[in-house]
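A.B. asks: After the sequence you'll find the predicted model.
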Amino acid sequence: AILVMAPISQWANQLYPWNELEVRLYAGGDATFVYFNDDGKDRFSLSKMEYTTITFTWTDSKKELMIGARQGKYDGMVQSIKLNIVVVSKGHGVGVNATTNPDKTVTYSGSAMTVNL
């Protein structure tokens, strides 16, 4: 499984826009996750086509994370995102707090990329 985590906040736009995310990978099988993001201001982003998606694909046998090209755009979106990637194991990448020692950190700027772990 893949879990993408934003910073802990009290309300949706408190720390927005997010320019740092934690990507948790749960080994044992392949997985796909589509990350959706919009301006967080109202519920009309879908009907206005003002949002982005990024597809994450984990291939367990290769220990490879493919991060697809960003699709879409909206006013105020961040151009690059620091991704802290964590392969979850006992005592590592667990709980709700950010992991202090990710397995790999990459800067994602909207183009497809592959991360080998």
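C.D. replies: Thanks, I have it. Numbers count the residues shown, from 1 in each chain.

A.B. asks: what's the burial count for N37?
C.D. replies: By other CB atoms under 10 Å, the residues close to N37 number 22. The way it works is simple: take the backbone N, C-alpha and C, and place the C-beta from them, glycine included.

A.B. asks: Sketch out the strands for the protein, chain order is fine.
C.D. replies: 2-5, 20-25, 31-37, 51-59, 64-67, 71-73, 81-87, 104-108, 113-116 (DSSP state E).

A.B. asks: Turn those strands into CSV, columns for distance to R43 and mean pLDDT.
C.D. replies: Below are these laid out as CSV (distance: least, CB to CB, whole Å; pLDDT from 0 to 100):
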stretch, distance to R43, mean pLDDT
strand 2-5, 21, 96
strand 20-25, 22, 96
strand 31-37, 13, 96
strand 51-59, 11, 97
strand 64-67, 27, 98
strand 71-73, 16, 96
strand 81-87, 23, 97
strand 104-108, 26, 98
strand 113-116, 31, 98
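
A.B. asks: Now render these as TSV, adding distance to F44.
C.D. replies: Formatted as TSV, the strands of the chain follow (distance: least, CB to CB, whole Å):
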stretch	distance to F44
strand 2-5	23
strand 20-25	24
strand 31-37	14
strand 51-59	10
strand 64-67	28
strand 71-73	15
strand 81-87	24
strand 104-108	26
strand 113-116	31
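
A.B. asks: Distance check, the closest residue in space to K104 that isn't next to it in sequence against V106.
C.D. replies: Excluding the flanking residues, the one nearest K104 by CB to CB, 6 or more residues apart in numbering is I85, at 4.6 Å. For I85, the distance to V106 equals 7 Å [CB to CB, to the nearest Å].

A.B. asks: Comparing those two, which shows the higher neighbour count?
C.D. replies: Shown here are I85 and V106; by other CB under 10 Å, I85 has more neighbours (21 against 16).

A.B. asks: thought the more buried one was touching K63?
C.D. replies: No: contact criterion CB atoms under 8 Å: I85 and K63 do not qualify, at 11.0 Å.
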